[in-house]
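Enquirer: Following is a predicted model, sequence given first.
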Amino acid sequence: EDVPSQTFDNRDYFCGKETFPVYESIFTEEGETIRKIAIETEKPPQIEIHVWTIRKGILRHLYVEKLSKREFEGLPYFKLITRTTLSQWKIFSEGEAQISQMCESRVCRTELEDLVKVLYLEKSEKGHC
């Protein structure tokens, strides 16, 4: 059987699991870095954006907003960084909640970077699914 290659389209599967596009936007203003991680879901059809405000490596503010795909398309600066499964997104969201508490009073650059890496899927070797 043909194994679907991992390309960026809606019919992407990873070890038989459907994957969803993940976008990122990073910009700096007035000494703060605003980092946004977004996932596009089909059911419901929306974009969930996790917004981190980081000042001097400390996570100052975290919130989640949900937009329609049409609203999201009008936003500048987002680029597609990977595709992920819903189970990996859940791990990301749970880790984010832990980090937000842990990083209120200390620098957490590496923890935040490691958290984003959770979203990247490892290419599976044959028979490892």
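Expert: Nice, thanks for sending it over.
Enquirer: Name the residues that touch stretch 32-40?
Expert: Contact partners of stretch 32-40, identified using CB atoms under 8 Å, 6 or more residues apart in numbering, comprise 20-28, 46-55, 60, 69, 72, 78, 84, 89, 92, 112, 116, 119. Glycine gets a C-beta too; all of them are placed from N, C-alpha and C.
Enquirer: any idea where the helices of this protein begin and end?
Expert: Applying DSSP state H to the chain gives helices spanning 69-73, 86-102, 109-117.
Enquirer: what about the residue most central in space within the chain, distance to Leu86?
Expert: In the chain, the centroid-proximal residue (CA atoms, centre = their mean) is Ile37; its distance is 4.3 Å. To Leu86, Ile37 is 15 Å away according to CB to CB, to the nearest Å.
Enquirer: do the same with Thr28
Expert: As defined by CB to CB, Thr28 lies at a distance of 31 Å from Leu86.
Enquirer: Then Leu80?
Expert: Distance from Leu80 to Leu86, counting by CB to CB: 17 Å.
Enquirer: re the thing from before, relative to Leu80, how far out is the residue nearest to the centre of the chain?
Expert: 12 Å.
Enquirer: can you give me the strands in the chain?
Expert: Taking DSSP state E as the test, the strands found in the chain are 13-14, 17-18, 20-29, 32-41, 46-55, 58-67, 79-84.
Enquirer: Mean pLDDT and distance to Ser105 added to those strands, as a markdown table?
Expert: Converted to a markdown table, the strands of the chain look like this (pLDDT from 0 to 100; distance: least, CB to CB, whole Å):
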| stretch | mean pLDDT | distance to Ser105 |
| --- | --- | --- |
| strand 13-14 | 62 | 37 |
| strand 17-18 | 82 | 37 |
| strand 20-29 | 94 | 22 |
| strand 32-41 | 94 | 17 |
| strand 46-55 | 94 | 12 |
| strand 58-67 | 91 | 7 |
| strand 79-84 | 94 | 29 |
